[in-house]
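> sequence-free structure coming up:
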Ligand code: SF4
């Protein structure tokens, strides 16, 4: 069981969109489950497309969804989008503090500010006061790309001399911590503590260093992410290695994985990471499959994909299913599965909790496996 770092807790959402708590364990709060979030890839002002995208993300399991609001027509669109969706919406604000005020007015549930491009104290204070009035939390996102101010760097390093090493991590951490401390001061002066912090970078080692450092210094919940992680094929590893490491160390309260691909993959992979670390209770089938070897006698790769898609759509409970290429080593390797299929000689033998229940030709494997999974699920539901 992972011991999570205690933090303050922030709460967002409402009855229609659901209530999401982030962090907890300090100041008399109970830790909330680590939440998964993602961000729309389309234009917010294209209302119908944006609503459809948000609903797809929510159906995939996103606990909250962020949207970009670079223009006034985006914050205008929020007034029509928010009533049509069922998940809390976060407005991602850069450069124009007015967009934050408009988004708050439009009914968003959380604001993300970037200290790198909205730093005027009066403007930040105005956003804080508007959020305070509506009880909305603010994420302070100090992404690597947006906070490295070259002119300022040497001065910062000197000010924080000796605290950080003079390597690339040391530079970033020094500037990031200084920036965060300065920025947080504006919030604390206004007695505002509904804060989430993020410090993303495309460099996985820097992500680990930054969040580890922040977790030692501040007790606000942390939004984990590797920014610009790239295509899903490589972005999965780039994201899951550092984020999994942090989460396994108890650091991190909400996660966004970011791919140059359909954001639904971000939600699915983020959830799978949390399931693997037992930080979230699994919804739906827990599928394992063998990698195949020279003993294989069916098209297992195709079968596994078909099983995954079919069971994802049909089974709600966290049933453990194994798809194994042969009966030689399969039973040992599939031990613990509720339902298992062992392929061989163009046939599939199905076991339920270690008992053989069917032996079907290859073309009937999928239907027979689904039928057994449904029977098993019904039995579990009946108690
Ligand atoms: Fe090979 Fe059979 Fe193991 Fe699959 S289950 S990897 S086919 S030995």
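Received, thanks. Computed from a predicted structure; not experimentally measured. Numbering: from 1, shown residues only.

> Any chance you could note which residues of the chain sit beside the ligand?
290-293, 295-296, 324-326, 328-330, 333 (C-beta under 6 Å from any ligand atom). C-beta coordinates here come from the backbone N, C-alpha and C atoms, glycine included.

> can I get those residues in TSV with neighbour count and distance to residue 272?
As requested, the residues of the chain next to the ligand are exported to TSV (neighbours: other C-beta atoms under 10 Å; distance: C-beta to C-beta, whole Å):
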residue	neighbour count	distance to residue 272
290	20	19
291	8	18
292	16	21
293	10	25
295	14	28
296	16	25
324	27	20
325	26	22
326	22	26
328	13	29
329	14	25
330	23	23
333	18	20
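
> Would you point out the most distant pair within those?
Across the residues of the chain next to the ligand, the longest distance by C-beta to C-beta is 14.3 Å; it joins 291 and 328.

> contact partners of stretch 236-253?
2-5, 7, 22-24, 32, 34-35, 196, 202, 204-205, 207-208, 211-212, 215, 221-226, 229-230, 255, 257-259, 269, 273-274, 276-277, 279 (C-beta atoms under 8 Å, 6 or more residues apart in numbering).

> next one: stretch 34-49 to chain centre, how far?
Its chain's C-alpha centre and that of stretch 34-49 lie 14 Å apart, by C-alpha atoms, centre = their mean, to the nearest Å.

> Quick check: buried residues in it?
Residues 34-41, 43-47 are the ones in stretch 34-49 that count as buried (16 or more other C-beta atoms under 10 Å).

> Now those in a markdown table, please, with extra columns for secondary structure and pLDDT.
A markdown table is the format used below for the buried residues of stretch 34-49 (DSSP: H, G, I helix; E, B strand; the rest coil; pLDDT from 0 to 100):
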| residue | secondary structure | pLDDT |
| --- | --- | --- |
| 34 | coil | 98 |
| 35 | strand | 98 |
| 36 | strand | 98 |
| 37 | strand | 98 |
| 38 | strand | 97 |
| 39 | strand | 97 |
| 40 | coil | 98 |
| 41 | coil | 96 |
| 43 | coil | 98 |
| 44 | coil | 98 |
| 45 | coil | 98 |
| 46 | coil | 98 |
| 47 | helix | 98 |
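
> can you pull the pLDDT of the residue sitting furthest away from the middle of the chain?
Relative to the mean C-alpha coordinate of the chain, counting by C-alpha atoms, centre = their mean, the farthest residue is residue 345 (41.6 Å). Per-residue confidence (pLDDT) for residue 345: 83.

> Tell me if I'm right that it and residue 297 touch.
Yes: between residue 345 and residue 297 there is a contact at 5.4 Å, judged by C-beta atoms under 8 Å.

> hmm, back to that, quick check, nearest of the buried residues of stretch 34-49 to residue 72?
Using C-beta to C-beta, the buried residues of stretch 34-49 come closest to residue 72 at residue 45, 9.3 Å.

> Just list the residues touching the closest one, thanks.
Residue 45 neighbours (C-beta under 8 Å, 6+ apart): 71, 73-74, 76-77.

> And residue 21, by the same measure?
9-11, 29, 32.

> Inside strands: which ones of the residues you listed?
Judged by DSSP state E, the subset of the contacts of residue 21 located in strands is 9-11.

> closest to the ligand among those residues?
Nearest to the ligand among those is residue 9, at 45.2 Å by C-beta to the nearest ligand atom.

> burial of that closest one, as a residue count?
Residues near residue 9, counting by other C-beta atoms under 10 Å, number 22.

> and if you look at residue 319?
Residue 319 sits with 21 neighbouring residues when counted by other C-beta under 10 Å.

> my guess is it meets residue 373, correct?
Yes: if you go by C-beta under 8 Å, residue 319 and residue 373 touch, sitting 6.0 Å apart.

> All the helices of the stretch 251-383 of the chain, residue numbers only.
263-276, 300-314, 330-333, 365-382 (DSSP state H, counting those that start in this stretch).

> Please identify the most buried of those helices.
helix 263-276 (a mean of 21; mean count of other C-beta atoms under 10 Å).

> Residues in contact with that helix: which ones?
Contact with helix 263-276 is made by 33-34, 36, 38-41, 53, 56-57, 60-62, 232, 236, 239-240, 243-244, 247, 255-259, 280, 282-283, 286, as judged by C-beta under 8 Å, 6+ apart.

> One more pass at 6 Å, please.
34, 36, 38, 41, 56-57, 60-62, 232, 236, 240, 244, 255, 257, 259, 280, 282 (C-beta atoms under 6 Å, 6 or more residues apart in numbering).

> what do you get for stretch 48-61?
With C-beta under 6 Å, 6+ apart, stretch 48-61 has contacts from 38, 40, 42, 44, 65, 81, 84-87, 263-264, 267-268, 271.

> if we can go back for a sec, tell me the one among the ones in strands among the contacts of residue 21 nearest to residue 314.
residue 11 (34.3 Å).

> Leaving out sequence neighbours, find the closest residue to the closest one.
Nearest non-adjacent residue to residue 11, counting by C-beta to C-beta, 6 or more residues apart in numbering: residue 21, 5.1 Å away.

> Low-confidence bits of the stretch 201-350 of the chain, can you list those?
Flagging of the stretch 201-350 of the chain using pLDDT under 70 yields the residue ranges 330.

> let's see 80
Along the stretch 201-350 of the chain, segments meeting pLDDT under 80 span 328-335.

> Strands of that one, residue ranges please.
223-224, 254-255, 286-289, 320-324, 339-344, 347-352 (DSSP state E, counting those that start in this stretch).

> Between these, which one is closest to residue 141.
Using C-beta to C-beta, those put strand 223-224 closest to residue 141, at 7.5 Å.

> Given that closest one, what are its sheet partners and their directions?
strand 254-255 (parallel) (DSSP bridges).
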